[in-house]
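Asks: sequence and predicted structure are below.
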Amino acid sequence: MDNSILKASHLSKYFGSGHTEVRAVDDISINIKAGELVLIMGPSGSGKTTLLSMLGALLQPSKGTVYINNVNISELKDTKLPEIRALNIGFIFQSFNLLEALTVEENILFPSQLRSEGINKAKDRADKLITQLNLQHRRNVLPHTLSGGEKQRVAIARALINEPKLILADEPTGNLDSETGQEVMMILHDLARDHGYSVLLVTHDPRVEEIADRILWLEDGKLHDRKLEQHAWAIDPVCGMKVDQWKATIFSNYAEKRYTFCSSRCQERFHENPDAYIK
Amino acid sequence: MFKWAWKSLFNQPGHLLGSALGIASAFILVIFFDSVWRGESVQVVAYPDNMKPDIWVMQSGVGNMHMAMSFVWDWKAKKIEKIEGVKKVTPILYTSSIITVNNKEMFAFIVGLLPDAQRAGPWEMAAGRQIESPGEVLIPDVLSKIGNINIGDSLQIIDQIFTVTGLTKGTFSSANTVLFVPFSNLDKILSSSGTYSYLLVDTEEGIDAKKLARKIKSDVAKVNALTHKEFIANDLSMAKQMGVEIIVMMTIICSVLAALIVAFTSYSLIMRKRKELAIIKALGVNNRTVLYSVTAQSIIVTLLGFILATAFTVFVIPTLPQLIPQLTVLVSIDAIIQLGLIALIVSIAGALIPAYMVLRVDPATAFHV
């Protein structure tokens, strides 16, 4: 085996069957090494969450294999997957997903009960994480009293408490303002660069592109390495999203100018009142 | 994990209290019916139990008083009086009948007392005086309240009209109410000349009642003689047989109701915590641990319901007869222990369906916003 922390080969996930079959993820291969921060971007419904669920041992693939720390989790029984998740993967969610009845410290320590070691060792690690992530003054409060940024820092500490090698983050800046989002991104960046964590990040946030080692584009269940491809960025005049003109398929001409859209929905809106979108 | 189960339960005290109160209500119903049944069972045998003769003598083949009919010739009473060890024989006439009070029909025990037989009469008077002349009747004070009959009023018993001269205490139950009338009146009603119904036999000091009862049975033809303890046990058994099916049915219905409330409580708890359960499973907690936690929550809620129900049982149920005079309740430790066992079974049964739901919670939904 190589030094990949995460290695997925020919991964597919189908829902339904026959003429109602939907290929949410279609023959995707991905390889993430230690210390690498990989970004997966793509439009809504492109299969990002399905892919993340399979890579995070939350969903069994229809085809293909997933290795985490050289363990083929696709061959494991469902009953073995919780242990894989508990010890090898740290999850960070868009909506933070803290346990509302537990304090900050209890939230951070929660996954440590799944690891066979004394509570004192976990508490030592929690103390370090609380200090590193500047949460000392919030240690004993309940999540509902925290700001969005604090909640996400608690979620990051929780993801790190069992010292997993792989961090999976789903839109970690999605519910944060730009400044706090930037702060969270830098924490994730430092985790990969300084501490050797492998970080796989799914996001719509274009600012994150700057800190990523690799950017993968997921669309219609297929994955493309975007940094290797040629791009000509255009801005969708309706939603403001960056659209790759090399790949875009939805265009309209108006007032002797060509406009590119991320989706037919944006295109329809544009046609309803073009002048409202032209600056 | 159990810390989460505990804290998430107490994190929403309103929900917890509501659930516990719902379960407590079902348990209170269980224990209320049990208390009423036990109370009535005791009250049904209140008359013979309070007479406390050493030996009861009755017609052969009869073993109790409730719903029974017995005739013993008067000469047999005289014969028994002469047996060595017998101190006193007090004969009574007895029948049961329906009386109508305030347009309500009630089942009554009617005891006919000889003029010198106060020994077999009421053990406590609430008001008025004992019967002294034919045509007089003593009724329970509770009957006086609910039937609006007072001293001096008339009451029809079978085909005779009586005048109420006194009110007695502890002689009322929903299943039977004890009325005392002169022997001569009941003798006329029953056309029982020369017979008694039961003989209350008091023994000389130091005499073994059981041996004496055996001797009475062997010396006097066609009579049955039982010690007071045996007689009461028979009467209580008969009374319980008559009410036990209803009480068992009510206990089952209320237990099922409690199980449904527990199931609904656990269900709503899981529905509220569905997202958190998905997060917990995504973080690596296995189904078995989640199941234990949900069951523990169910047991905690049921235990709280049980504690509330027990508190209500101990402090409120005994006071109910003051509000509803015709109610006789008896709260027993046995009933509370039995309820505790029911609570444990109910809490586990109530957690079964929600537990199935826990297994179906998809950890991947933790990614959903």
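Replies: In hand now; what should we look at?

Asks: around the nearest residue to A:Lys165 once chain neighbours are set aside, count how many other residues there are.
Replies: Spatially, and ignoring its direct neighbours in sequence, A:Lys165 is nearest to A:Ile5 (4.9 Å; Cβ to Cβ, 6 or more residues apart in numbering or on different chains). To be clear about C-beta, it is placed using only N, CA and C from the backbone, and glycine gets the same treatment. Residues contacting A:Ile5 under the criterion other Cβ atoms under 10 Å in any protein chain shown number 25.

Asks: so A:Ile5 sits in a helix?
Replies: No. Per DSSP: H, G, I helix; E, B strand; the rest coil, A:Ile5 lies outside any helix segment and is strand.

Asks: residues in contact with stretch A:27-37?
Replies: A:3-12, A:38, A:51, A:55, A:63-64, A:165-166, A:188-189, A:192-193, A:196-201, A:211-214, A:216, A:218, A:221-223 (Cβ atoms under 8 Å, 6 or more residues apart in numbering or on different chains).

Asks: in the stretch 201-350 of chain B, which residue sits nearest chain A?
Replies: Distance from chain A to each residue of the stretch 201-350 of chain B (Cβ to the nearest Cβ) is smallest for B:Gly284, at 2.5 Å.

Asks: what about whichever strand or helix holds B:Leu143, distance to the chain center?
Replies: For B:Leu143, the element it lies in under DSSP states H and E is helix B:141-147. Here helix B:141-147 is found 20 Å from its chain centre; the criterion is Cα atoms, centre = their mean, to the nearest Å.

Asks: then stretch B:334-347?
Replies: For stretch B:334-347, the distance to the chain centre is 18 Å (Cα atoms, centre = their mean).

Asks: okay, buried residues for it please.
Replies: Neighbour-count burial for stretch B:334-347 flags B:Ala335, B:Ile336, B:Leu339, B:Ile342, B:Ala343, B:Val346, B:Ser347 (criterion: 16 or more other Cβ atoms under 10 Å in any protein chain shown).

Asks: thinking again about what came up before, I'd like to know which elements the helix holding B:Leu143 is packed against.
Replies: strand B:86-101, strand B:104-113, strand B:160-168 (3 or more Cβ pairs under 8 Å, 6 or more residues apart in numbering or on different chains; DSSP states H and E).

Asks: now with 7 Å?
Replies: Packing contacts for helix B:141-147, counted by 3 or more Cβ pairs under 7 Å, 6 or more residues apart in numbering or on different chains; DSSP states H and E, involve strand B:160-168.

Asks: report the strands that pair with the strand it packs on, each with its relative direction.
Replies: strand B:125-128 (antiparallel), strand B:136-140 (parallel), strand B:154-157 (antiparallel) (DSSP bridges).

Asks: can I get the first one in PDB? Just the C-alpha atoms.
Replies: Output in PDB follows, covering the C-alpha atoms of strand B:125-128 (Å, rounded to 0.1, in the frame of the first residue of the first chain):
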ATOM      1  CA  MET B 125     -72.500   4.700  65.900                       C
ATOM      2  CA  ALA B 126     -72.300   8.000  64.100                       C
ATOM      3  CA  ALA B 127     -75.600   9.500  65.300                       C
ATOM      4  CA  GLY B 128     -78.900   8.500  66.900                       C
END
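
Asks: can you list contacts of it?
Replies: B:Asp141, B:Ile151, B:Thr165, B:Gly166, B:Leu167, B:Thr168, B:Lys169 (Cβ atoms under 7 Å, 6 or more residues apart in numbering or on different chains).

Asks: can you give me the buried ones in that strand?
Replies: Neighbour counts over strand B:125-128 (16+ other Cβ under 10 Å) mark B:Ala126, B:Gly128 as buried.

Asks: and if you look at the last one?
Replies: Across strand B:154-157, burial judged by 16+ other Cβ under 10 Å covers B:Leu155, B:Ile157.

Asks: mind listing residues that contact that strand?
Replies: Outside strand B:154-157, the residues that touch it by Cβ under 7 Å, 6+ apart are B:Ser97, B:Ile99, B:Ile110, B:Val137, B:Ile139, B:Ile149, B:Ile161, B:Phe162, B:Thr163, B:Val164, B:Leu179, B:Val181.

Asks: what is the burial count for the fifth one?
Replies: Which is B:Ile139. 32.

Asks: ok, the third one next?
Replies: Taking other Cβ under 10 Å as the criterion, the count of residues near B:Ile110 is 23.

Asks: and if you look at the last one?
Replies: Other residues within reach of B:Val181 by the criterion other Cβ under 10 Å amount to 24.

Asks: again with the second one
Replies: Close neighbours of B:Ile99, defined as other Cβ under 10 Å, add up to 20.

Asks: swap in the first one?
Replies: By the criterion of other Cβ under 10 Å, B:Ser97 has 13 neighbours.

Asks: in the chain, where is pLDDT below threshold?
Replies: In the absence of a named chain, this looks at chain A. A:1-2, A:118, A:226-231, A:279 (pLDDT under 70).

Asks: my question was about chain B, not that one.
Replies: Ranges of chain B meeting pLDDT under 70: B:243-245, B:247, B:369.

Asks: show me which residues of it sit near chain A.
Replies: B:1, B:3-4, B:7-8, B:11, B:276, B:279, B:281-286, B:363-364, B:366-367, B:369 (Cβ under 7 Å from any Cβ of the partner chain).
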